[in-house]
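Trainee: Return a 3D structure for these sequence lines:
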Amino acid sequence: RAAIEVGDPSVEDLRTLDKAIELQHQYIDGTPPSQEMQQRLTELLTLKQDALAKELVNKSRDEEDKGAVLEQRREYVKARSHLRIAIDLQERINTEYPLSQYRSIPRIAQLKRNMQVLIARPIQEESFESEEKAKQAVEQEDWKTALEQYRHAAKLQRQLNIDYVQLRFSDMGRSQKLDTEIASLESVDLHMKINELSKKGDEALKSGSIRQGAEYFQEALETQKELNRTFPQSRFADTARVETLTAKEQIARSSPLAEEIKQAAGQIRASLAKRDAKSVRGALEILYPKLASFKDNFPHSNLVDERLFFEINFLHAKRGQIEQLQQLLDNGLIALPSGVKMLKTEVWQDLFMEIVGTNPSRNRGGRLPVETVNYPEAADFCRRAGYLLRTTVRLPTPEEFKEALGSLRYVDLHAVCWNSENSGASTHPVGEKQPNQAGFNDLLGNVAEWTQAADTDKSAAVMGGSFMTPVDQIGDISIVQTVKNERNRLNGLRIVVEAQ
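Mentor: All right, here's what the predicted structure looks like:
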């Protein structure tokens with residue numbers, strides 16, 4: 001036993017062990033069954049199997065070590081040969097010496113896994129080498145070689161993904177990248193064709209050949225769609241470029257119609273400035289269908305911007321009231337020494353409704369001042385009024401408001417404004433109170449009025465006080481900074497019109 005445990009039993013030691021096993025068998029056969037005697041026999045058999053398996057396991061481990069050394073040298077075929085011997089020896093131990101401590105199912109599994117690594121690693125290295133060759137070929141613009149090498153690299157990576165899925169060599173992400181490179185190379189001719197057609201289209205437009213340019217862009221567009229459809233994994237597959245080419249093609253084809261629309265819009269604006277409502281109506285009837293056709297047929301063209309669409313649509317909707325609205329606005333303006341004109345009253349609800357189409361007011365009445373209006377809505381009213389008058393219409397600045405108000409010395413505030421003492425806590429029709437010396441009504445009281453602020457400002461000044469302001473405060477001409485989106489039943493507006 002001592003010799004076996006140290007791993008160096010002699011032939012005589014093994015014979016002695018065999019004799020002990022034989023005697024133990026005879027003893028068991030000649031006596032009643034005993035667990036102790038059977039356990040003794042198992043111990044003797046295990047001792048013998050350990051003695052016989054020890055040499056085999058040492059040889060197996062030695063072959064495994066040799067394989068590992070050869071693997072480091074990248075001599076994979078020789079390494080696999082040694083590892084195969086190590087596996088065979090361990091399988092022999094497991095089969096012939098099942099009681100031995102050297103029997104090991106996990107070691108067989110690990111050795112076989114190492115064998116798979118030795119098969120997979122050279123495949124992976126070959127795949128990476130092909131990929132590197134492909135990259136070098138791309139730099140040299142040798143597209144044929146690059147495509148061949150990328151295809152070979154992808155084929156090997158797919159093999160790794162299928163056959164060695166449990167190992168670290170499986171890499172679906174790399175397969176996708178290689179497929180992208182392959183698709184890109186397969187589609188490079190189409191990509192170059194698209195670039196050339198797009199370049200010709202730009203050159204044609206610069207030279208004034210609009211029709212020719214549109215044809216080039218149309219062909220480039222169809223080619224890009226073909227590329228996207230046939231090679232969806234290509235880096236040149238680009239839905240954004242489809243949109244860009246569509247826009248270029250539509251811009252080219254829409255150019256003549258866009259020019260007609262802009263000229264007609266210019267004539268309409270000139271007629272509005274001359275207060276020739278009849279000519280405006282006639283021109284709108286001709287222009288409106290063209291504008292609708294442009295929007296339907298060339299939705300990606302930017303030659304006619306959204307502001308012009310909005311302007312013409314608004315004027316077309318108001319074509320029957322243009323003359324009336326122009327007169328209402330023109331007749332209600334009073335010139336200020338600074339050169340602008342200001343509406344003599346606050347904007348009343350019927351006028352706001354006619355121009356904007358909505359009425360946000362809480363206390364409804366046609367001649368009552370519009371209220372509960374926020375700054376963006378007030379600015380929108382100005383913009384639409386500007387379309388009708390063909391000049392800049394805006395809110396007054398605080399300085400212009402004060403200019404229109406003038407001096408309040410000796411002014412009977414009750415006579416010129418609705419305040420908390422005489423309003424009955426409600427708005428009143430515009431223009432009922434006496435005008436001031438400059439001819440303006442309700443600059444103080446009734447509703448407070450939005451004034452002009454920069455587009456980037458989040459708030460704007462509201463001036464003049466309202467029907468809820470005490471009379472002893474309303475003359476102070478308070479300025480209240482108010483968030484532009486705020487709605488307040490005390491706030492309304494008045495407009496300023498700049499010279500044409």
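
Trainee: Can you show me the helices along the stretch 151-300 of the chain?
Mentor: Remark: helices assigned in the stretch 151-300 of the chain by DSSP state H, counting those that start in this stretch are 172-186, 188-206, 210-230, 239-273, 277-297.

Trainee: With mean neighbour count as new columns, can these be given to me in JSON lines?
Mentor: Using the backbone N, CA and C atoms, a C-beta is placed for each residue, glycine as well. Formatted as JSON lines, these follow (neighbours: other C-beta atoms under 10 Å):
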{"stretch": "helix 172-186", "mean neighbour count": "18"}
{"stretch": "helix 188-206", "mean neighbour count": "17"}
{"stretch": "helix 210-230", "mean neighbour count": "19"}
{"stretch": "helix 239-273", "mean neighbour count": "17"}
{"stretch": "helix 277-297", "mean neighbour count": "16"}
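
Trainee: So for R390, which of these sits nearest?
Mentor: Set against R390 and scored by C-beta to C-beta, the helices of the stretch 151-300 of the chain come closest in helix 239-273, at 4.1 Å.

Trainee: Run the angle between that closest one and helix 277-297 for me.
Mentor: Calculated by axes from the mean of the first three to the mean of the last three C-alpha atoms, to 10 degrees, helix 239-273 forms an angle of 170 degrees with helix 277-297.

Trainee: Tell me the helices and strands packed up against helix 239-273.
Mentor: helix 188-206, helix 210-230, helix 277-297, helix 306-317, helix 375-389 (3 or more C-beta pairs under 8 Å, 6 or more residues apart in numbering; DSSP states H and E).

Trainee: quick one: that helix to chain centroid distance?
Mentor: Here helix 239-273 is found 28 Å from its chain centre; the criterion is C-alpha atoms, centre = their mean, to the nearest Å.

Trainee: and the angle for that helix with helix 375-389?
Mentor: Inter-element angle recorded for helix 239-273 and helix 375-389: 60 degrees (by the same axes, to 10 degrees).

Trainee: Now helix 239-273: average pLDDT?
Mentor: The average of the pLDDT scores along helix 239-273 is 96.

Trainee: what do you get for stretch 480-494?
Mentor: What stretch 480-494 shows for mean pLDDT is 97.

Trainee: Check stretch 453-462 too.
Mentor: On average, the pLDDT along stretch 453-462 is 97.

Trainee: contacts for that stretch?
Mentor: For stretch 453-462, contacts defined as C-beta atoms under 8 Å, 6 or more residues apart in numbering pick out 375, 395, 398, 448-452, 479-484, 491.

Trainee: Among those residues, which one has the most neighbours?
Mentor: A448 (28 neighbours; other C-beta atoms under 10 Å).

Trainee: measure that residue to G424 for me?
Mentor: A448 sits 18 Å away from G424, taking C-beta to C-beta, to the nearest Å as the criterion.

Trainee: Please apply the same query to T469.
Mentor: Separation of T469 from G424 (C-beta to C-beta) stands at 14 Å.

Trainee: These two: who's more crowded?
Mentor: Taking other C-beta under 10 Å, T469 and G424 do not tie; T469 has more neighbours (24 against 10).

Trainee: Setting aside sequence neighbours, what's the nearest residue to that one?
Mentor: In space, and not counting its chain neighbours, T469 is closest to N419: 5.6 Å by C-beta to C-beta, 6 or more residues apart in numbering.

Trainee: Neighbours of that neighbour, how many?
Mentor: Using other C-beta under 10 Å, N419 has 23 other residues around it.
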